[in-house]
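*Asks:* Give the three-dimensional model of this entry:
(chains A, B and C, ligands or ions: 1)
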Amino acid sequence: MVDLKSHLNSSQYQAVTTTDKPVLVIAGAGSGKTRVIEYRTLHLVQQGINPQSILLLTFTRKAAAAMLSRAAAHDPKCEQIDGGTFHSFAFKILKRYGKTIGLENNFTILDSADSNELIGSVMGKLGYLDLKKRFPKKETLKGIISKSINKQTAIKNILEREYPQFEEFNQEITNLRQAYTKAKLEASYVDYDDLLVYLKILLENPEMRQRLASQYQHIMVDEYQDTNKLQGDIAYYLAESHGNIMAVGDDAQSIYGFRGATHQNIMEFPVRFPNCQVIKLEENYRSTQLILDLGNVVLDSMKDKYEKKLAAANKQSGLKPEIVTFKNPYDEATWLAQTIKMMRDNGIDLGKQAVLFRSAFISIPLQSELSKLGIPFQVYGGVKFYETAHVKDLVAYLKIVQNFTDELSWIRILKLIENIGPKTAEKIVASLQNCINLNQVIQTLDDEFGSDFSYSQGIKRLLKLLSKLDSDGLALGDIFNFCFDYYKPLLKKHFDDWHLRLSDLETLQDIAASYESLDSFLSDLALEPPERGVAQVDGTYDEEKPLTLSTIHSAKGLEWDSVFLIGMIEGVLPSRFALNFADQIEEEHRLFYVAVTRAKRQLYLTMHHEGGQGGLYQFNRVSRFLEDRRILEKLEQNMVELSKPKNKRVKLVSDDFEEIDTKDKKTLFEKINESWRM
DNA sequence: GCCAGCGGCGTTTTT
DNA sequence: CGCCGCTGGC
Ligand SMILES: Nc1ncnc2c1ncn2[C@@H]1O[C@H](COP(=O)(O)OP(=O)(O)OP(=O)(O)O)[C@@H](O)[C@H]1O
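*Replies:* Residues are numbered from 1 along each chain as shown, chains lettered A, B, ... in the order given. Below you'll find the model as predicted:
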C-alpha cells in the first residue's frame, strides 16, 4: 500500500479519497491537480476497483499515458486503466457499438484537410463555388460549421458573434452543413466533430448509456476547462447514473475557446451534480515565488477571473523573470541558442528547457540557429507532419486498402498521375460508383481507362500496385512498402525538395513498423498524430533529451526548469486575429498565463522589433500584456544588441556573439549559479 | 482539361 | 519567403 499522505497535501488527500460522490477540483496552475488524478486512480485500484472500469479522459493520449505509467510504478494494475482523449474514446466505442446507430465499423476518419476538401466538393455540387458575392472559403466554412457543432448552437448564432461579414449567407451555410453531413454518412466518413456527436447520440439511447455506465464505473476528466458542450454532455451521460466522476480544471487556463471549449462546464458541474464536493488547491508546487508573482499579476489583470492566488510551497524565491528585447529576429535567435547552450553546460540539461511561442512560425529563425550549433530539439505543434502533402499522398493508398470506397483518397491518388486533373479524376471516380470490391475497381479501371488516353500508362502502373494490394492477409509492412515504392517516382516528379520529404516518409515507415494493423495505424495517425522526429545532429548530445520547442497550446500541463517565451509581440501574443474581439483577447491573456506558469525556476520573455521574415517590414511593438506597469515591476528588463549587423539578411556567426556579449554572459552565469544555490 | 509560370498577398491555436 | 490562385500555351 502506498502511503498517500506522504505524497499529497491535505486538500489533495481529500480529493483523492472522496470516492463516493462527484468531485470538482478547481485550482490554479501547478497546484497538483494532475497529481490528484494520478493518485486517485492508484487509490481506486488499491481499494479493489477493477482497473478496466476506470475511465481517464485527458487532453492528449500522451498525458494519459504519462499519468498511468506513473501510477503503475506504484501498482502495475494501473496499466489496465482505460485512458485517452474524448476523441480516441469515442473512436473506440464507435468501432464497437457504432452499428447500433447505423455507422459502419470500417468508417474512415477525416482529418481537417480531408474535411475541407469534402466541403469544397459539396460546395461545388450546391453551386456555391461561383456565387458572385464574397462567399467564405472552405476552410472558413469548416470553422463555422465545426464551431456550431461544438457549441451545439445554430449557424446563425456563430455568424452573428464572430463572422458578421457573412451573416447574409446563413441559409447557404446551413444548407451546406446539412449536405456535408449527408455526404459524410453516405461515404462512411467521420470527422473529428462527428466522433463526439455520434458518441453523444449513442449515449442518448438509455440502454447504451446504462451499458457504458456500468462498464465505466469511475470517470475522471482532466483539463475540464477546455472541454466543450458536447464533451460536457458526454461526461454527464457517462456519470449520471452512478455519480462517480471527478473533474479537475482551472478556468484561468481555458485556451481552447476557438474550438468551442467553455469554462461554463466547470461552472455548471455543481448544477448537474448537485451533491458534488468542490475542492480547491491553494499551494503551487511548481514555480519559484518570483515567477508566481508575475503569474499573479497576469491573473489579476484578467477581466473575468475567479479569485485565485498562487503561493509557492517552496519558499526560495529564485530569479526574477526577465524580458529581453532585440533589434531583429536573428539577434534574438543567436542569443537564445547561446543562452540555452550555456545553461546546458552549467547543468540544466536540454530536456529541462523549453522555448514556447504563440505560433510556430515565430520559431523558425531559432530553429536554423539551433541546427547550425548542433543543438538537438523537438518541435511540438505547428504544421503537422501528417498533414504535409507527401505524407497525405502516401497515406491515401493505405486508406483505400482499409476502405476502398474512400473517394477523397481515390481522387488524390488519381490526380498524382500525369495528365489527370480534377475533372478527369472526378470522371473516373464516378465510373467506379457501382464497384463492390477492389477487384472490380481494378477491372473497371483497366477496361475503361487502361488504354486510349494520355494518362493510360499511368493508370496501368497504378493497376499493378492495386493488384498487389488486392490480396488477403497482407502485413501492414508489405502494404506500406508496395505503396512507398509506387509513390517514390511520383514524389520526385512533384517536389523539388523531394529528398527532404523522402526522409519524412522514411520516418513514417518506422512509425508504421510499430503497428500491428492498418486500421490502428490510420486511426492513430488522425487521432494522436506523431510528432516530427528530433532534429538530429552530431554526437555531442547523444543520450540527452532534446530541447523542447512548443506552442503554448501543446505545452499545457507540462513544466520545465527554464522556459523562454518568445514572440512577446503585439499581433503575435495577442494574435492579430484576436484583436477585434474582447473575449478572444482574454483568451490570449490566459495563454500568456499558461506560458508563464510552465516555468519552475527561470523564465525569460523575449521579443524583436524588426519584423520582416521576408514579406512586409514593420516595427513590432511589445505585447500589450507587458505594457502594464504592475507587470513590468515583476520583470527584469534588458536590451541586447549584437554587433554590426549592417545587413540584417547576413546571418550572424557566433563570433559576433562571443565578442560583444562576454560581459552579459558572465552576469547570466552568475545568476544561474545564484539560482541553484537558493 | 492539364499544368507551368507568374504575381499578389499574408503568415493561429488542435482533435 | 512561400503558398494560392489566375492565365495562357499546349
Ligand atoms: N503534494 C505535493 N508535494 C510535492 N510536489 C507536488 C505535490 N503536488 C504536486 N506536486 C508537484 O508540482 C508540480 C505540478 O503538479 P501538477 O502538474 O499536478 O499541477 P497541475 O495543477 O496539474 O498544474 P497545471 O494546471 O499547470 O496543469 C509537479 O511537478 C508535481 O510533481
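
*Asks:* May I have the residues that are in contact with residue A:393?
*Replies:* Shown in contact with residue A:393 (C-beta atoms under 8 Å, 6 or more residues apart in numbering): A:412-413, A:416, A:487, A:490-491. Just so you know, the C-beta spots here come from the backbone N, C-alpha and C atoms, and that holds for glycine as well.

*Asks:* for it, helix, strand, or coil?
*Replies:* helix (DSSP: H, G, I helix; E, B strand; the rest coil).

*Asks:* Now do the residue in the stretch 401-550 of chain A positioned nearest to DNA strand C against residue A:489, distance only.
*Replies:* Nearest residue of the stretch 401-550 of chain A to DNA strand C (C-beta to the nearest atom of the strand) works out as residue A:497 at 9.1 Å. Computed with C-beta to C-beta, to the nearest Å, the distance linking residue A:497 and residue A:489 is 16 Å.

*Asks:* The residue of the stretch 551-678 of chain A found nearest the ligand: neighbour count?
*Replies:* Proximity of the stretch 551-678 of chain A to the ligand (C-beta to the nearest ligand atom) peaks at residue A:557, 4.0 Å away. Neighbour count of residue A:557, defined by other C-beta atoms under 10 Å: 20.

*Asks:* before we move on, back to that, which of the contacts of residue A:393 tops the neighbour count?
*Replies:* That'd be residue A:413 among these, by other C-beta under 10 Å, with 25 neighbours.

*Asks:* Name the helix or strand for that one, please.
*Replies:* helix A:407-415 (DSSP states H and E).

*Asks:* how about that helix, does it reach DNA strand C?
*Replies:* No. Contact of helix A:407-415 with DNA strand C (C-beta under 7 Å from any atom of the strand) is absent, the minimum separation being 14.1 Å.

*Asks:* now for that helix, which elements pack on it?
*Replies:* Judged by 3 or more C-beta pairs under 8 Å, 6 or more residues apart in numbering; DSSP states H and E, the packing partners of helix A:407-415 are helix A:112-126, helix A:389-402, helix A:422-431.

*Asks:* Taking helix A:112-126 as reference, get the angle to it.
*Replies:* 90 degrees (axes from the mean of the first three to the mean of the last three C-alpha atoms, to 10 degrees).

*Asks:* Between helix A:422-431 and helix A:407-415, find me the angle.
*Replies:* 130 degrees.

*Asks:* Most proximal residue of the stretch 401-550 of chain A with respect to DNA strand B?
*Replies:* For the stretch 401-550 of chain A, C-beta to the nearest atom of the strand, closest residue to DNA strand B: residue A:421, 2.3 Å.

*Asks:* Spit out the contact partners of that residue.
*Replies:* Applying C-beta under 8 Å, 6+ apart, the residues near residue A:421 are residue A:415.

*Asks:* I figured residue A:12 hits residue A:35, correct?
*Replies:* Yes. At 6.7 Å, residue A:12 counts as touching residue A:35 under the criterion of C-beta atoms under 8 Å.

*Asks:* neighbour-wise, which of these two wins?
*Replies:* Higher neighbour count among residue A:12 and residue A:35: residue A:12, with 25 against 19, using other C-beta under 10 Å.

*Asks:* Which of the helices or strands spans that one?
*Replies:* Using DSSP H and E, residue A:12 falls in helix A:10-17.

*Asks:* which residues touch the very next helix or strand once past that helix?
*Replies:* Remark: after helix A:10-17, the chain's next helix or strand is strand A:23-27, criterion DSSP H and E. The set of residues external to strand A:23-27 that reach it, using C-beta under 8 Å, 6+ apart, is A:15, A:33, A:36, A:224, A:245-251, A:266, A:269-270, A:273, A:276-282, A:308.

*Asks:* State the number of residues packed around whichever residue of the stretch 1-150 of chain A sits closest to the ligand.
*Replies:* Among the residues of the stretch 1-150 of chain A, residue A:32 lies nearest to the ligand; the distance is 2.8 Å by C-beta to the nearest ligand atom. Neighbour count for residue A:32, taken as other C-beta under 10 Å: 24.

*Asks:* one step back: for the residue of the stretch 401-550 of chain A closest to DNA strand B, give its distance to residue A:465.
*Replies:* Taking C-beta to C-beta, one finds residue A:421 at 21 Å from residue A:465.

*Asks:* So which bits of chain A are right by the ligand?
*Replies:* Proximity of chain A to the ligand (C-beta under 6 Å from any ligand atom) is limited to residues A:8-9, A:12, A:27, A:29-35, A:250, A:253, A:285-286, A:557, A:559, A:597.

*Asks:* The residue lying farthest from the centre of chain A in helix, strand or coil?
*Replies:* What lies farthest from the middle of chain A is residue A:452; by C-alpha atoms, centre = their mean that is 47.3 Å. Secondary structure assignment for residue A:452 (three-state DSSP): coil.

*Asks:* if I look at it, how far off is residue A:231?
*Replies:* From residue A:452 to residue A:231 the distance is 54 Å (C-beta to C-beta).

*Asks:* likewise residue A:283?
*Replies:* From residue A:283 to residue A:231 the distance is 29 Å (C-beta to C-beta).

*Asks:* how many neighbours does residue A:214 have?
*Replies:* Count around residue A:214 with other C-beta under 10 Å applied: 11.

*Asks:* per-residue pLDDT, the residue of the stretch 401-550 of chain A closest to DNA strand C?
*Replies:* On the pLDDT scale, residue A:497 is placed at 83.

*Asks:* I'd like the distance between the closest residue to residue A:415 other than its chain neighbours and the ligand.
*Replies:* Spatial nearest neighbour of residue A:415, excluding adjacent residues (C-beta to C-beta, 6 or more residues apart in numbering): residue A:425 at 5.1 Å. Relative to the ligand, residue A:425 is positioned 47 Å away (C-beta to the nearest ligand atom, to the nearest Å).

*Asks:* got a list of what residue A:425 touches?
*Replies:* A:410-411, A:414-415.

*Asks:* Could you measure from it over to residue A:113?
*Replies:* Residue A:425 is 17 Å from residue A:113, by C-beta to C-beta.

*Asks:* cool, and residue A:488?
*Replies:* 22 Å.

*Asks:* in which helix or strand would I find the closest residue to residue A:38 other than its chain neighbours?
*Replies:* Excluding the flanking residues, the one nearest residue A:38 by C-beta to C-beta, 6+ apart is residue A:67, at 4.7 Å. Using DSSP H and E, residue A:67 sits in helix A:61-74.

*Asks:* now residue A:371
*Replies:* helix A:364-373.

*Asks:* Let me see the contact set for the residue nearest to residue A:209 when sequence neighbours are not counted.
*Replies:* In space, and not counting its chain neighbours, residue A:209 is closest to residue A:203: 4.9 Å by C-beta to C-beta, 6+ apart. By C-beta under 8 Å, 6+ apart, the residues touching residue A:203 are A:209, A:212, A:234, A:237-238.

*Asks:* Please repeat the previous calculation with a cut-off of 10 Å.
*Replies:* A:93, A:209-213, A:233-234, A:236-238, A:240 (C-beta atoms under 10 Å, 6 or more residues apart in numbering).

*Asks:* Would you agree it falls within a strand?
*Replies:* No. Read with three-state DSSP, residue A:203 is helix and lies in no strand.

*Asks:* Can you check the pLDDT for it?
*Replies:* Value for residue A:203, per-residue pLDDT: 97.

*Asks:* same question, residue A:534
*Replies:* The model's pLDDT for residue A:534 equals 68.

*Asks:* With residue A:396 instead?
*Replies:* Confidence score, pLDDT, at residue A:396: 95.

*Asks:* from what I can see it touches residue A:411, true?
*Replies:* Yes. With contact defined as C-beta atoms under 10 Å, residue A:396 and residue A:411 form a contacting pair (8.8 Å).

*Asks:* Pick out whichever of these two has more residues nearby.
*Replies:* Neighbours per residue, other C-beta under 10 Å: of residue A:396 and residue A:411, the larger number sits with residue A:396, 22 against 19.
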